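**Student:** I'll drop the sequence and a predicted model, then ask my questions.
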There are 2 protein chains.
Amino acid sequence: MRRIQVTETTENKDLVQEEKDVQAENVVEETEVVEEQKTELTIEEQYEAKLAELQAKLDDEESRHLRLRADFDNMRRRNQLDREAAEKFRAQSLLSDLLPVIDNFERALQIEASSEETASIVKGIEMVYRSLIEATEKEGLQVIKAEGEQFDPNIHQAVMQEQDNEKETGVVLRELQKGFMLKDRVLRPTMVSVNE
Amino acid sequence: MRRIQVTETTENKDLVQEEKDVQAENVVEETEVVEEQKTELTIEEQYEAKLAELQAKLDDEESRHLRLRADFDNMRRRNQLDREAAEKFRAQSLLSDLLPVIDNFERALQIEASSEETASIVKGIEMVYRSLIEATEKEGLQVIKAEGEQFDPNIHQAVMQEQDNEKETGVVLRELQKGFMLKDRVLRPTMVSVNE
């Protein structure tokens, strides 16, 4: 197999040489000339051709290796970045599911306690709520600031407009639903009413 | 650089040949003979040696490439497995932090409501609790069965022994703190009392 390839390439080289020497001959004739000339090659020329062929293969193989090495390094880098991103936002799915839990929790805690018994229960539940918030903060969950801030479409979702002449236009007047960031990613924008 | 290497290897080959022919000669003498004989090599022999040298390099390069390709495939497979494992247990850290929240929640819900107001609050809080449990179950959190089960040191932690003659020995009599699995991993074993 190797031998055959060497011979073919030798022919191709001769062909190029032929074209330079004779120029504009019929292709069939050229090929015949090549056939004849092949036998006229000196042993040195034949060996040099084989050496050149082998050297070309070696060069190919070396550059193929370099390319694979580059791919290898790229994959390693990419994997590292993927791993870091996955690690950074690992809790995103669970945190998203916990947002309505937090919403309901806050709603339940808005009760005005009219008896001592109720006040005591609400106090206990508030402690549970705070431990839940602490656990989510540890994973990078943060409440988005809204009321009194300038409206920012990246983190706020305007669901209504109101008018308060004492405040600047475009300022968030009320927070209708809490918004949350997970690290530098918006998990849920704050629903707000904006000053006209 | 390439030429020099070729020449060296040619010498080595001649050396081996020399050893076969002459055998047991002084090393210094051999080397001299080699020097002389080098000039006597036919052109064919010189070329064949160069070809063999180049072919050996090519073979080396090809096997080096195969090794790198195997490393590449291994890394890809390993990364895939790492990613799957990381994905499977991505919520482990947050879930671990939520276990005391769940404990406190359950403790708060054990209150006997003596007024309608309290009963209504507890009902609301129970709904929040259930939505929290649902969110954790969605990520793969499961309560470990304990009471009435045969004691299993893989998932149960015995903190005391009690005696109940009506039940089998080694059976879990009471659950003192709930235990949890995250998928097939024990997140926290159940604390139990075991029948003597």
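**Tutor:** Sure thing, it's come through.

**Student:** Pop the domain breakdown of chain A in here.
**Tutor:** Under the assignment automatic domain parsing, the domains of chain A span A:2-85, A:92-195.

**Student:** hey, where'd the helices end up in chain A?
**Tutor:** Remark: helices assigned in chain A by DSSP state H are A:2-22, A:27-40, A:43-88, A:92-109, A:116-138.

**Student:** circling back: out of the domains of chain A, which one sits most buried?
**Tutor:** Highest mean neighbour count among the domains of chain A (mean count of other Cβ atoms under 10 Å in any protein chain shown): domain A:92-195, with a mean of 16. Every residue, glycine included, has its C-beta placed from N, CA and C.

**Student:** now the end-to-end length of that one.
**Tutor:** End-to-end distance of domain A:92-195 (Cα to Cα, to the nearest Å): 32 Å.

**Student:** Run the chain-centre distance for that domain.
**Tutor:** 30 Å (Cα atoms, centre = their mean, to the nearest Å).

**Student:** does chain B sit close to it?
**Tutor:** Yes. On the criterion Cβ under 8 Å from any Cβ of the partner chain, domain A:92-195 is in touch with chain B at A:93-95, A:97-98, A:100-101, A:104-105, A:107-108, A:111, A:114-115, A:117-118, A:121-122, A:124-125, A:127-128, A:131-132, A:134-136, A:138-139.

**Student:** Mind checking the pLDDT average for that domain?
**Tutor:** Taken as a whole, domain A:92-195 carries a mean pLDDT of 94.

**Student:** For A:Asn104, which residues are in contact?
**Tutor:** Neighbouring residues of A:Asn104 by Cβ atoms under 8 Å, 6 or more residues apart in numbering or on different chains: B:Gly124, B:Met127, B:Val128, B:Ser131.

**Student:** and if you look at A:Glu106?
**Tutor:** By Cβ under 8 Å, 6+ apart, the neighbours of A:Glu106 are A:Tyr129, A:Lys178.

**Student:** Okay, it and A:Leu132: tell me how far apart.
**Tutor:** According to Cβ to Cβ, to the nearest Å, A:Glu106 stands 11 Å off from A:Leu132.

**Student:** ditto for A:Glu175
**Tutor:** 20 Å.

**Student:** Could you double-check that A:Gly170 sits in contact with A:Val194?
**Tutor:** Yes. Using Cβ atoms under 8 Å, A:Gly170 is in contact with A:Val194, at 6.4 Å.

**Student:** what is in contact with these two at once?
**Tutor:** A:Phe151.

**Student:** picking up where we left off before, for chain A, tell me which of the contacts of A:Asn104 show up nearby.
**Tutor:** The subset of the contacts of A:Asn104 within reach of chain A, by Cβ under 8 Å from any Cβ, is B:Gly124, B:Met127, B:Val128, B:Ser131.

**Student:** The third one touches A:Pro100, doesn't it?
**Tutor:** No. Under the criterion of Cβ under 8 Å, B:Val128 makes no contact with A:Pro100, lying 9.4 Å away.

**Student:** can you pull the contacts of the residue positioned nearest the centre of chain A?
**Tutor:** Centroid-nearest residue in chain A, with Cα atoms, centre = their mean: A:Asp82, separated by 7.2 Å. By Cβ under 8 Å, 6+ apart, A:Asp82 lies in contact with B:Arg83.

**Student:** Now with 10 Å, please.
**Tutor:** By Cβ atoms under 10 Å, 6 or more residues apart in numbering or on different chains, A:Asp82 lies in contact with B:Asn79, B:Asp82, B:Arg83, B:Ala86.
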